[in-house]
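Q: Quick one, what's the 3D model for this:
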Amino acid sequence: MTDKKIPMRQCTGCREMKTKKEMIRVLKPAEGEGVILDATGKANGRGAYICKKAECLEKAIKNRGLERSLKRSIPPEIYDQLRKEMEEIAKQ
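A: Residues are numbered from 1 along each chain as shown. Sure, this is the predicted structure:
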């Protein structure tokens, strides 16, 4: 028997490799504007991954990691929305 492959992704904030399940996917939808959090990890569109820590989101904002990964400039309102959604996820 072979071992099942565990998908690894790199955090755009801290740049550490972690398993896909340990991270949150930030998604640029294929259609429309904006950036959303993808809870299922299966929605269509270009995605980037962030650890479930607020520090990693702040690092990704500071070093423009999300903008580079998503190939789109992100307005400050979207970052505020992402912060609120991350807080809700942290409470769960």
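
Q: Can you show me the helices along the chain?
A: 54-62, 65-70, 76-91 (DSSP state H).

Q: how big is the angle separating the last one from helix 54-62?
A: This points to helix 76-91. For helix 76-91 against helix 54-62, the angle by axes from the mean of the first three to the mean of the last three C-alpha atoms, to 10 degrees is 160 degrees.

Q: which parts of helix 76-91 are buried?
A: Buried positions in helix 76-91, judged by neighbour count with 16 or more other C-beta atoms under 10 Å: 78-79, 82, 85-86. Heads up, the C-betas are built off the backbone N, CA and C, glycines and all.

Q: okay if I get those as a markdown table plus distance to Met8 and pLDDT?
A: Shown next, in a markdown table, are the buried residues of helix 76-91 (distance: C-beta to C-beta, whole Å; pLDDT from 0 to 100):
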| residue | distance to Met8 | pLDDT |
| --- | --- | --- |
| Ile78 | 26 | 83 |
| Tyr79 | 26 | 87 |
| Leu82 | 23 | 85 |
| Glu85 | 24 | 83 |
| Met86 | 21 | 82 |
